[in-house]
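[1] Sharing a sequence plus its predicted fold:
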Amino acid sequence: MPERPIIAIAGLACETSVFTPARTLAAAFHPRRATEIIDKYAFLHPGTSLGDAADWRGALVGHALPGGIVTRASFEQLANEMISHLAEMATSTTIHGLWYNIHGAMCVEGIDDAEAELLHRIRAVIGPRVLVSASLDLHGDVSRALAHQTDLITCYRMAPHEDEKETEERACRNLVTLLTARPHDPARPLKAWSPIPVLLPGEQTSTRIEPAKSLYALVPEIESTQGVLDAAIWVGYTWADEPRNHAVVVVTGWDKDTVTKSAKRLAQYFWDARGGFHFVAPTGSFTECIDAGLVSKTRPFFISDSGDNPTAGGSGDVTWGLSQLLSRSDLQVDNGPTVIYASIPGPQAIDQIVQAGVGATVTVTAGAEVDNLHSGPITMTGRVHSIRYGDLHAVIEAVLHTGSVFAIITKLRKPYHHEDDFTKLDLQPRSADIVIVKIGYLEPELFAMAADWMLALTPGGVDQQLKRLGHKRIHRPMWPFDKEFPKSPDLTPQLIPLSDEALG
């Protein structure tokens, strides 16, 4: 091996709900190639410890906004290009390592366990001896097949994901450490993999609150144990319906007894705590949440319209919540409580608004072009408050002022996570009475702004009331779908085969 190992970078990431009619296309991944990938990750830039420790070479990385199932044609298009780049790289040089940069909850038409399938294709090109380090979202799913094909695998330890970059850097640092520790014969560490029959949404497993807070606090403690390289806990992804959808613990290291006992400890803690998981905020129907917000003495009062959360895989164009909001007589007057609603896509509505201009009064129809399972398109009349161009996701955004509601309409769907998402539209969320956002738990900036908040249990492709969705393929019994288990689950970790022959 040369002084600096050569490490390729590849991966596709998309959190996809199978309970929305939306489909995710190749363009949604905004794929990066070659040096574009290195440019994205500051910790790999020249002059940094990691950047100088290896020769990093980008193949193809694509991260899509969560949404519906990825079409097979789109997956094959991106996967084939990725494999082509890696094959070209492998013929011109020796690849020593691969950073597999994924989410872990991507569903593809006609493929179960898409991330394991993609890595299988990658292994066919780069060979079984290349060391692979994978970084995932803790809401991903780690099948035995995926764990089997990786040498190192880790995930976020915070929900909301304030440690995304830290996790990606850890995956790369662990790989470099492994490659440079024994450059002529890199040893493969042991992995203890333990599936847990629990499948909960992120809104019940936030690390801001117990019991997830204490569960994830065990991770750095175990990681610091002699003989352990990394410890990780995956909550799993609730809004898919594949056999791999369940919680998982993986502990990686050198000592068989230590990694096995550590994985069993984490898995047992998770299982024993299953009854203690609850929503991260008070919940209610949409009407109950609005009523609570209107009588609250604290401002701003935030409400999560959770069933159509585009950052969990919702289509973003379900009109159910906005229709309920605009039907309220107490919000149909200009001097009523100020309510901001984010958001609803409506490409044709945007065209009309742009043509009319700021200050004009227009009647437009938006929403339900993708997901009309819960409600149809909504027609609104109001004054154009603002228009903004050039957003990465929305492309064009506008605000329609109708009654005392400021409804954000977008050309394409967009999540609203930051204060400047609102202020750039001439909206002041801190001064509003109620701010309604299509989201689950509040992202950090919204959480900091909210004087109080509730999570509305609304319909959509990422419905928090899981039994309404109709899972058919997950293993049963599974908590909380089933509350009675014929016997306690066997949480004994499985050690993953490590030989080159096994990988082949």
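    In hand now; what should we look at?
[2] make it CA atoms for all contacts and neighbour counts henceforth
    Fine.
[3] ok, which stretches of the stretch 1-150 of the chain are strands?
    With strands called from DSSP state E, counting those that start in this stretch, the stretch 1-150 of the chain shows them at 6-13, 16-17, 23-24, 32-33, 55-63, 67-70, 97-101, 131-136.
[4] distance between the fourth one and the chain's centre?
    On the basis of CA atoms, centre = their mean, to the nearest Å, the separation between the geometric centre of strand 32-33 and that of its chain is 20 Å.
[5] which outside residues touch stretch 43-58?
    4-10, 33-39, 169, 172-173, 176 (CA atoms under 8 Å, 6 or more residues apart in numbering).
[6] Turn the strands of the stretch 1-150 of the chain into CSV, columns for mean pLDDT.
    Formatted as CSV, these follow (pLDDT from 0 to 100):
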stretch, mean pLDDT
strand 6-13, 98
strand 16-17, 97
strand 23-24, 97
strand 32-33, 98
strand 55-63, 98
strand 67-70, 97
strand 97-101, 98
strand 131-136, 98
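[7] Buried ones from the contacts of stretch 43-58, can you make that a PyMOL selection?
    Per 16 or more other CA atoms under 10 Å, the buried members of the contacts of stretch 43-58 correspond to this PyMOL selection:
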select buried, resi 4+5+6+7+8+9+10+33+34+37+38+169+172+173+176
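[8] Residue 474 contacts residue 239, correct?
    No. With contacts counted by CA atoms under 8 Å, residue 474 stays clear of residue 239, the gap being 10.8 Å.
[9] Tell me which of these two has more neighbours.
    residue 239 (27 against 17; other CA atoms under 10 Å).
[10] and the more buried one, helix, strand or coil?
    The three-state assignment at residue 239 reads coil, by DSSP: H, G, I helix; E, B strand; the rest coil.
[11] For it, which non-adjacent residue is closest in space?
    Distance criterion CA to CA, 6 or more residues apart in numbering; nearest residue to residue 239, sequence neighbours excluded, is residue 17 at 5.0 Å.
[12] My guess is that neighbour contacts residue 69. True?
    Yes. Counting by CA under 8 Å, residue 17 touches residue 69, with 6.4 Å between them.
[13] Can you pull the residues that touch both of the two?
    residue 107.
[14] which one of those two has more residues nearby?
    More neighbours surround residue 17 than the other of residue 17 and residue 69, with 29 against 24 (other CA under 10 Å).
[15] and stretch 346-359, which residues are buried?
    Residues 346, 347, 349, 350, 353, 354, 357, 358 are the ones in stretch 346-359 that count as buried (16+ other CA under 10 Å).
[16] same question, stretch 261-272
    Under 16+ other CA under 10 Å, the buried positions of stretch 261-272 are 262, 263, 264, 265, 266, 267, 268, 269, 270, 271.
[17] Among those residues, which lie within strands?
    Among these, none falls in strands (DSSP state E).
[18] for those residues, which one is nearest residue 333?
    Residue 333 has its nearest neighbour among the buried residues of stretch 261-272 in residue 270, at 49.6 Å by CA to CA.
[19] Quickly note the distance from the spatially closest residue to the closest one that is not a sequence neighbour to residue 155.
    Of all residues not flanking residue 270 in the chain, residue 215 sits nearest, at 6.8 Å (CA to CA, 6+ apart). For residue 215, the distance to residue 155 equals 14 Å [CA to CA, to the nearest Å].
[20] and those two? which has more neighbours close in?
    residue 155 (28 against 18).
[21] Check what pLDDT the more buried one gets.
    Residue 155 is assigned 98 on the pLDDT scale.
[22] hang on, isn't it packed against residue 142?
    No. Counting by CA under 8 Å, residue 155 stays clear of residue 142, with 10.3 Å between them.
[23] Distance from stretch 152-162 to the middle of the chain?
    Counting by CA atoms, centre = their mean, stretch 152-162 comes out at 11 Å from the chain centroid.
[24] what does stretch 361-368 give?
    With CA atoms, centre = their mean, you get 30 Å for stretch 361-368.
[25] Quick check: buried residues in it?
    Buried, per 16+ other CA under 10 Å, within stretch 361-368: 361, 362, 364, 365, 366, 367, 368.
[26] tell me how far the ends of stretch 8-26 are from each other?
    21 Å.
[27] What is the helix or strand hosting residue 221 packed up against?
    When elements are assigned from DSSP states H and E, residue 221 belongs to helix 212-223. Judged by 3 or more CA pairs under 8 Å, 6 or more residues apart in numbering; DSSP states H and E, the packing partners of helix 212-223 are strand 228-234, helix 256-272.
[28] neighbouring strands for the helix or strand following the longest one, and are they parallel or not?
    Which is helix 256-272. Sequence order places strand 283-284 as the next helix or strand after helix 256-272, per DSSP H and E. The pairing partners recorded for strand 283-284 under DSSP bridges are strand 452-456 (parallel).
[29] residue farthest from the centroid of this protein?
    Residue farthest from the centre of the chain, counting by CA atoms, centre = their mean, is residue 335 at 38.7 Å.
[30] Spell out which residues make up each domain of this structure.
    6-278+491-503, 283-463 (automatic domain parsing).
[31] For the shortest one, what is the spacing between the initial and final residues?
    The separation between the terminal residues of domain 283-463, taken as CA to CA, is 13 Å.
[32] Wait, residue 359 touches residue 385, no?
    Yes. With contact defined as CA under 8 Å, residue 359 and residue 385 form a contacting pair (6.2 Å).
[33] so what does the longest helix seen in the chain touch, helix or strand wise?
    Longest helix in the chain by number of residues (criterion: DSSP state H): helix 72-92. In terms of contacts (3+ CA pairs under 8 Å, 6+ apart), helix 72-92 is packed against strand 55-63, helix 114-126.
[34] Show me what the last one packs onto, helices and strands only.
    Packed against helix 114-126 by the contact rule (3+ CA pairs under 8 Å, 6+ apart) you find helix 72-92, helix 144-149.
[35] In JSON lines, list those along with distance to residue 125, mean pLDDT and mean neighbour count.
    Formatted as JSON lines, the helices and strands packed on helix 114-126 follow (distance: least, CA to CA, whole Å; pLDDT from 0 to 100; neighbours: other CA atoms under 10 Å):
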{"stretch": "helix 72-92", "distance to residue 125": "6", "mean pLDDT": "98", "mean neighbour count": "17"}
{"stretch": "helix 144-149", "distance to residue 125": "13", "mean pLDDT": "97", "mean neighbour count": "19"}
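[36] I'd like to know which of the ones you listed lies nearest to residue 299.
    Per CA to CA, nearest to residue 299 of these: helix 72-92, 44.4 Å.
[37] Could you figure out how far the closest one is turned away from strand 55-63?
    180 degrees (axes from the mean of the first three to the mean of the last three CA atoms, to 10 degrees).
[38] Next, the angle from helix 72-92 to helix 114-126.
    30 degrees.
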